[in-house]
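1. dropping the sequence and predicted coords here.
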Amino acid sequence: MGNYATWGDVTARYQKAATKVDADEMQDSYIAGAEGLMNAYLTKKFTTPVTGKPPLLEDICVDLTYCKLAFNQDKGVPKLKDAAMAMLKDIASGELLLTDSDGVALDDVVSAAVFITP
């Protein structure tokens with residue numbers, strides 16, 4: 001099961017995705033790849049994977065998964081990918097704040113860390 005999205009999340013938004021690969025391949029190849037990319041950006045501000053499945057991360061993960069799956073098959077994929085990547089960059093820079101499903105902002109773990117030098 002994914003940290004940010006599941007096969008059911010992807011196929012609920014993009015029904016065509018269910019006809020392209022099965023749930024295991026979707027999880028192991030496409031969702032895992034999208035989450036890896038997301039964590040590469042998110043680790044600048046948070047301990048990854050981010051816990052609690054923030055709705056914005058689910059949204060981004062679903063779109064990035066579909067982009068990976070439908071690359072070269074759907075003309076809208078480049079714009080979708082650009083929008084998802086822009087949101088990730090805005091989260092990493094602090095322009096967008098992550099919230100939990102109740103709308104409460106998540107703590108910025110990296111800036112909250114205490115460093116002790118010998």
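-> Now that the structure is in, tell me what you want to look at. Small disclaimer: the values here were computed from a predicted structure and weren't measured.
2. okay, now Ala12: neighbour count?
-> 13 (other C-beta atoms under 10 Å). Bear in mind the C-beta positions are built from the backbone N, C-alpha and C, glycine included.
3. also Thr65?
-> Applying other C-beta under 10 Å, I find that Thr65 has 30 neighbouring residues.
4. wait, doesn't it sit right on Met26?
-> Yes - under the criterion of C-beta atoms under 8 Å, Thr65 makes contact with Met26 at 7.3 Å.
5. give me the common contacts of these two.
-> 10, 17 (C-beta atoms under 8 Å, 6 or more residues apart in numbering).
6. what's the spacing between Met87 and Asp28?
-> According to C-beta to C-beta, to the nearest Å, Met87 and Asp28 sit 25 Å apart.
7. check contacts around Met26.
-> Contacts for Met26 were tallied using C-beta under 8 Å, 6+ apart; they are 7, 10, 17, 65, 69.
8. now the residues you listed as a markdown table including distance to Gly103 and secondary structure?
-> Formatted as a markdown table, the entries for the contacts of Met26 read as follows, by distance: C-beta to C-beta, whole Å; DSSP: H, G, I helix; E, B strand; the rest coil:
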| residue | distance to Gly103 | secondary structure |
| --- | --- | --- |
| Trp7 | 27 | helix |
| Val10 | 24 | helix |
| Ala17 | 29 | helix |
| Thr65 | 25 | helix |
| Leu69 | 30 | helix |
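9. tell me the one of those residues nearest Ala83?
-> Nearest to Ala83 out of those is Thr65 (C-beta to C-beta; 14.1 Å).
10. could I get the contacts of Met26 as JSON lines with pLDDT and distance to Ser101?
-> Converted to JSON lines, the contacts of Met26 look like this (pLDDT from 0 to 100; distance: C-beta to C-beta, whole Å):
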{"residue": "Trp7", "pLDDT": "91", "distance to Ser101": "20"}
{"residue": "Val10", "pLDDT": "93", "distance to Ser101": "19"}
{"residue": "Ala17", "pLDDT": "85", "distance to Ser101": "23"}
{"residue": "Thr65", "pLDDT": "92", "distance to Ser101": "20"}
{"residue": "Leu69", "pLDDT": "84", "distance to Ser101": "26"}
